[in-house]
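[1] Could you look at this predicted model? Sequence included:
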Amino acid sequence: MRPPDSGDLPDDGASSVRRRVRIHAAPLAHQATQPAANGRAVDAAPLVGPGGAIERRASTQGREAIFDVKDVSIFYGSSEAVSGINMQIHRNLVTAIIGPSGCGKTTFLRSLNRMNDSVPSFRIDGRILYHGHDIYGSEVDRVEVRRRIGMVFQRPNPFPKSIYDNIAWAPRNLKMKDGLDERVERALRSAALWDEVKDRLNQSALGLSGGQQQRLCIARAIAIEPDVLLLDEPASALDPVATASIEELMQTLKNRYTIVIVTHNMQQAARVAERTAFFSLDVSAGKRSGVLVEYDDTEVMFTQPADRRTSDYVTGRFG
Amino acid sequence: MMNDPVGRPQDVTDLPPEAGGSFERSLPGVQEPDSSGMSASDLPDLSGPLTPSGNLRRRQLVSRLFEAAQTASALLAVAVLGLVIYSVTARAASVLSLSFLTHDPPLVSGESGGGIAPAILGTIVIVALATVIAMPIGVLSALYLTEFASPWTARAFRLVLDLLNGLPTIVVGLFVFGLLVVGHHQSGFAASVALAIIMLPLIARATQETLLLVPAGMREAADALGVSRWRTVRGVVLPAARGGILTATVLSVARAAGETAPLIFLSSIYGNTISLNPFSGALPNIPVYIFTSSEAAEANGFARAWGAAFVLLAFILFANIVSRTLSRRSALSR
Amino acid sequence: MSSSTRLAGALPGNARSRVRLGDRIGDGVLYGLCLGAALLALLALALIVYKVIAGASPSVSRFGLGFLTHSTWEPNFGIFGAGTFIYGTAVTSLVALVLAVPLAISIALYLSMVAPRRVSAIIGPLVEMLAAIPSVILGFWGIIVLAPFLQAHLEPFLHSVLGFLPIFGSTPTTGTGLFIAGLILTIMVVPIIASLSRDLFLSVPRELQEGGAALGATRWEVIRGVVLPSSASGVAAATCLGLGRALGEAIAVTQVVGAGNAIHASLFQTGDTLASRIADQFQGATSALHIASLFYLGLILLVIELLVNVAAQWIARHFDVRRVGS
């Protein structure tokens, strides 16, 4: 077990980007990035912000890269949805994928846990390495992939069962029969839903509000304790209050899970994510496909982006 | 629609179980959802190869067994269809010829040779007459449902149609027997009436569904132009629904052509020659011909009966394919 | 109709009244025709019920409700009872359902969940064509092809392996009987339930299935946990429709069931059903009481069918199921 995190830093009121920051003191067991030169525990390099308060940059240095996406292009039949994606996604961070509609963000996200397999004309080039293993390898079982990489969808999709059975369904499949009640309670607590539903676990999940249903779907996904959580615009169908509760949830969830979230709400990305990837549409060479324009720490993406298209998008000049 | 929720069957090679053993991890205590929360425990399994862990191999085996059973069921159904078609064709082969379709059966029933021309023509007359009776009533009642009936009346009438549809055909035969044959004699007309009763709910229901598909915009446009209801129906609604009505009729004809139960009371006593007047008496027809030959247990009669069965089956399967093509084409043109 | 007066208002005097009158007559005629057609259908249903009751009444007044339980059917002695045929109807339909429902659900799952779309587009219609085979041809095939096979192979096999069960207890002799009748009914009922169920399974929302798949469930687990529960009531309604088909089948059953008169425990013995007995004996009915008793059988059959039909409707409506065809 890693040593517990140190507490939160107070928000720097002067910063244009508000976020919570974690400091991880110990190096991780499997390092895909270079260790620090002195081999010691790596500390994030501190920065001194305008107000004098110390801001920590959640650098990826010293973190394991859970996903290593190498030159990935995704096709539906002959049309190319995304093209030439290269990125790494790191452990216990929230990585946001932003960009205008239609540039393949959701397609890319769904490819991370092989949810596109059921689309008939789907084809992928390049490799997606998960802990070093190609998830499209020939001996890979896609059910195993989804067991470790869970997903929450844009619109809440609870089963027409009771709240309890919604959460307990997947653990029962996995024969996690012992301590099922505790597991359900734990999942609901982690999704900040327990207090609201603890007295009506046997009622239908369809009677919950939209925000509650989405939290139920999150609870359902974490009940089987996956490694990664993919969130496809989880708050886009919800009202602002429910959205805020989902965003708050992500801050706690990322301690246990690696989170990748697709959102077309830039402010949301700025609020919740440590790393942000900007996808856009490339219409050159007669084809339309999504490309990864820039990928960096969120703060950098929003304040000093390297690419002109990124700065255009985040300042609202297009998109 | 989604065909394939979890994807195609995957190739999982048999690898030795991982040293990590069971997937289930020891759970930390109940979590508090606050920011000083605990970090995840590191599990070696999670970074291992993506081959089935824990009980997944067995679950995949179960899933694949069910899939195999489902495939086998479908193949069984197709095999039975093929078997029946093959049996009929093989046994009919010896008698099928042009003369079989155009000649009368032999005068003495035990003889071989001859044909089933009277039965073919009789069936055509009976079914055609039944269609002439059933189609207008069916289309008009469907129009009543869509154009005039209040919601409550419509529901009641739909119930009536469903009940009519669910009547055992033998009971329909009993009814028409009591209505038209008692005190008189059998007739092809009585057979047509019974078939019309059987066809009516099919045509009405299918026509109603087609009428509902006519875009409301068309009706509204006609109304806005001040066109009266009956002109709208005649000039706009019915032409738009024409394809669906035709498909429904073809399907009903296919269904009626094979109906035997009412006909054994209403049109079963007939001679060996061609008769075309449905009002003068029973008309020879294919279903009753097959039925009586099958009960008579006489070899030459059997052969002709197989021939008749082939003709009937070929017609029905052909009509089904035609109606399927028709409905696909009208669906595409919409 | 105000719409026709709108147009007519632009025309000169007598042309206006001519158009208005012509349209009103036309609308009236259309309404009359449609209403007449609907009433004709209603009349047909009512008359059928009435005629069957009327035809059965001599037998009803003679035997009363005891007709339902007595199983003696002796036309020569004027003794009639429906017991054997109610039993036969129940048994053959039960055999058909027990075999057909799992088969049909499996076929429907194959067509909707397992088969590639192109394969499903071929096999689906083939299964539906099974329903199009006329019952007289299926019965004929049953006598000539299936019965010898049962007599020579299947029934002796079942008797030797499962003969301790009363339903397989007797030594098979002819191949005709309740068992083959049940098998023929199975062939008729499977495509009905299968095609309705396939449409139901295809209409289970994709998000629900994806949600299940994303939780690391195998395809069968998604089917068992999401698809089947969502469509359970629809499949129940489809089963009722299939049952209705089996209950009312006269011709194919009468060709293979062997026209037995007594109730036997074994499926390999002959028996008879309500519809089949009517088909078998109506032409040769000897006395008025005989005919009335056959009508009484028809009345019982009618009541059973109406109940099953209403049950199917009730299930479909009360469980919010989308009726897919009928």
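    Nice, I can see it.

[2] Tell me which residues touch residue 140, please.
    As the question left the chain open, I've gone with chain A. Residues in contact with residue A:140 (CB atoms under 8 Å, 6 or more residues apart in numbering or on different chains) are A:133-134, B:10, B:49-51. (Glycine included, C-beta is placed from N, CA and C.)

[3] To clarify, I was referring to chain C.
    Shown in contact with residue C:140 (CB under 8 Å, 6+ apart): B:290-291, B:294, B:305-306, B:309, C:255.

[4] Looking at the stretch 151-300 of chain B, which residue is nearest chain A?
    residue B:155 (26.4 Å; CB to the nearest CB).

[5] does that residue sit in a helix or strand, and which one?
    helix B:151-166 (DSSP states H and E).

[6] Report the mean per-residue pLDDT for that helix.
    Here helix B:151-166 scores 91 as its mean pLDDT.

[7] which helices and strands sit right next to that helix?
    Helix B:151-166 makes packing contacts with helix B:188-213, helix C:13-63, helix C:288-318 when contacts are defined by 3 or more CB pairs under 8 Å, 6 or more residues apart in numbering or on different chains; DSSP states H and E.

[8] How about residues contacting that helix?
    B:141, B:144-145, B:149, B:197, B:200-202, B:204-205, C:38, C:41-42, C:44-45, C:244, C:248, C:305-306, C:308-309, C:313, C:326.

[9] does whichever residue of the stretch 151-300 of chain C sits closest to chain A count as helix, strand or coil?
    Going by CB to the nearest CB, chain A is nearest to residue C:216 of the stretch 151-300 of chain C, at 3.2 Å. Following DSSP: H, G, I helix; E, B strand; the rest coil, residue C:216 is assigned to coil.

[10] give me every residue that touches the closest residue to it other than its chain neighbours.
    Of all residues not flanking residue C:216 in the chain, residue A:147 sits nearest, at 3.2 Å (CB to CB, 6 or more residues apart in numbering or on different chains). Each residue near residue A:147 by CB under 8 Å, 6+ apart is listed here: A:174, A:224, A:226, B:23, B:53, B:56, C:216.

[11] re earlier: list the ones among the contacts of residue A:140 that fall in strands.
    A:133-134 (DSSP state E).

[12] of the contacts of residue A:140, closest to residue C:71?
    Among the contacts of residue A:140, residue B:10 lies closest to residue C:71 (CB to CB), at 57.3 Å.

[13] Would you map the helices across chain B?
    B:56-92, B:98-102, B:117-143, B:151-166, B:169-176, B:188-213, B:216-224, B:229-232, B:238-257, B:263-266, B:286-296, B:299-333 (DSSP state H).

[14] Figure out which of these is closest to residue C:130.
    Closest among these, using CB to CB: helix B:56-92, at 5.0 Å.

[15] which residues of chain C score low on pLDDT?
    Residues of chain C that meet the criterion pLDDT under 70 lie in C:1-19, C:319-326.

[16] tell me which element the most centrally placed residue in chain C is part of?
    In chain C, the residue lying closest to the centroid (CA atoms, centre = their mean) is residue C:245, at 1.4 Å. Applying DSSP H and E as the criterion places residue C:245 in helix C:228-248.

[17] Can you list the buried residues in that helix?
    C:228, C:230-231, C:233-248 (16 or more other CB atoms under 10 Å in any protein chain shown).

[18] next one: stretch A:286-300
    For stretch A:286-300, by 16+ other CB under 10 Å, it's A:288-300.

[19] Quick check: the farthest pair among these?
    Spatial extent of the buried residues of stretch A:286-300 (CB to CB) is set by the pair A:288 and A:299 at 30.9 Å.

[20] Shouldn't residue A:128 be within a helix?
    No. Using three-state DSSP, the secondary structure at residue A:128 is strand, not a helix.

[21] Can you tell me what sits against the helix or strand just after the helix holding residue C:245?
    Counting by DSSP H and E, the element after helix C:228-248 in chain order, helix or strand, is helix C:251-256. Contacts to helix C:251-256, defined as CB under 8 Å, 6+ apart, come from residues B:260-261, B:264, B:291, B:294-295, C:92, C:135-136, C:138-140, C:142-143, C:146-147, C:176-177, C:180-181, C:184-185, C:188, C:272-273, C:275-277, C:279-280.

[22] would you list every one of the helices in the stretch 101-250 of chain C?
    C:117-132, C:135-141, C:147-149, C:155-162, C:178-202, C:206-214, C:219-222, C:228-248 (DSSP state H, counting those that start in this stretch).

[23] So which of these is the most surrounded?
    Comparing those by mean neighbour count (mean count of other CB atoms under 10 Å in any protein chain shown), helix C:135-141 ranks first with a mean of 28.

[24] on that earlier part again, pretty sure the residue of the stretch 151-300 of chain C closest to chain A is touching residue A:143, no?
    Yes. Residue C:216 is within contact range of residue A:143, at 5.7 Å (criterion: CB atoms under 8 Å).

[25] Most neighbours among the contacts of residue A:140, please name it.
    residue B:50 (23 neighbours; other CB atoms under 10 Å in any protein chain shown).

[26] which one is that one nearest to, not counting chain neighbours?
    residue A:140 is the one closest to residue B:50 (CB to CB, 6+ apart), at 4.3 Å.

[27] Next, the one you found: secondary structure please.
    Classification of residue A:140 by three-state DSSP places it in coil.

[28] Can you pull the residues of the stretch 51-200 of chain A lying near chain C?
    A:113, A:115, A:118, A:120, A:143-144, A:146-148, A:150-151, A:153, A:155, A:157-161, A:169-170, A:173-174 (CB under 8 Å from any CB of the partner chain).

[29] Select from the residues you listed every entry located in strands.
    Reading strands off these with DSSP E, I get A:150-151.

[30] Tell me who's in contact with the closest residue to residue A:224 other than its chain neighbours.
    Among residues not flanking residue A:224 along the chain, residue A:170 sits closest, at 4.9 Å (CB to CB, 6+ apart). Listed by CB under 8 Å, 6+ apart, the contact partners of residue A:170 are A:220, A:223-224, C:215-217.

[31] go on, residue C:290?
    C:75, C:80, C:281.

[32] What is the neighbour count of the closest residue to the second one other than its chain neighbours?
    Once flanking residues are discounted, residue C:80 sits nearest to residue C:293: 3.8 Å by CB to CB, 6+ apart. In terms of burial, residue C:293 registers 29 neighbours under the definition other CB under 10 Å.

[33] Ok, the one 5 residues further on next?
    As a burial measure, residue C:298 scores 28 neighbours (other CB under 10 Å).

[34] Could you chop the chain up by domain?
    As the question left the chain open, I've gone with chain A. A:1-60, A:65-314 (automatic domain parsing).

[35] that's the other chain; I wanted chain C
    Split by automatic domain parsing, chain C gives C:2-50, C:69-318.
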